[in-house]
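1. I would like to see how this sequence folds:
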Amino acid sequence: MDVPAVHRRLRLVFTALGAGASTLSETLLTNRQPLSRVGGVVISIMGLLLAGVLRLPLLMREARLDLSRVRPGPAGAVPSGWHSRSGRCRALARCWRHS
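-> Residues are numbered from 1 along each chain as shown. Below is the predicted model of the structure:
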């Protein structure tokens, strides 16, 4: 019985994905203790930021897309999606308005 090429490729892709997930799982389990400590430190820092005890300027920035010319609602969904790919926005950095 001959298996079509598409099925062979799919079998290869899913076998590779399974092997990759298995390797990632093994790596995470091996490094469980250090990852737990790093996670605890990150959560503690975020708690201090939320409480206002610690201030990091990089995390205090805000960036928004400037969509002031697009109408809200269902009619504005398509232009909103096209905004970042349009000719008006040649570089992604120009689309973002920093405050």
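
2. residue contacts, S22?
-> Going by Cβ atoms under 8 Å, 6 or more residues apart in numbering, S22 touches no other residue. C-beta here means a position set from N, CA and C on the backbone, and glycine is covered the same way.

3. what secondary structure does it sit in?
-> Classification of S22 using DSSP: H, G, I helix; E, B strand; the rest coil returns helix.

4. do the same with R64
-> Applying three-state DSSP: R64 is strand.

5. Just the pLDDT for it.
-> Note on R64: pLDDT of 72.

6. again with H7
-> On the pLDDT scale, H7 is placed at 87.

7. Please apply the same query to the one 10 residues further on.
-> Looking at L17, its pLDDT is 95.

8. For burial, what's the neighbour tally of it?
-> 10 (other Cβ atoms under 10 Å).

9. and what of L48?
-> There are 13 residues near L48, going by other Cβ under 10 Å.

10. OK, contacts around it?
-> By Cβ under 8 Å, 6+ apart, L48 lies in contact with L54.

11. Could I get the phi/psi values of it?
-> Phi and psi for L48, reported as degrees, to the nearest 10, are phi -70, psi -40.

12. measure it to G39 for me?
-> For L48, the distance to G39 under the criterion Cβ to Cβ, to the nearest Å works out to 15 Å.

13. Domain ranges for the protein, per the record?
-> What automatic domain parsing lists as the domains of the chain is 1-60, 62-99.

14. By mean pLDDT, show me the worst of the ones you listed.
-> Among these, domain 62-99 carries the lowest mean pLDDT (a mean of 61).

15. Look up the residues forming beta bridges with the residue nearest the centre of the chain.
-> For the chain, A63 is the residue whose C-alpha lies nearest the centre (Cα atoms, centre = their mean; 15.5 Å). Beta-bridge pairing for A63 (DSSP bridges): H98.

16. Give me the distance between it and G40.
-> To G40, A63 is 29 Å away according to Cβ to Cβ.

17. mind listing the strands for this protein?
-> Applying DSSP state E to the chain gives strands spanning 63-65, 96-98.

18. Quick one: neighbours of L49, just the number.
-> Other residues within reach of L49, judged by other Cβ under 10 Å, total 14.
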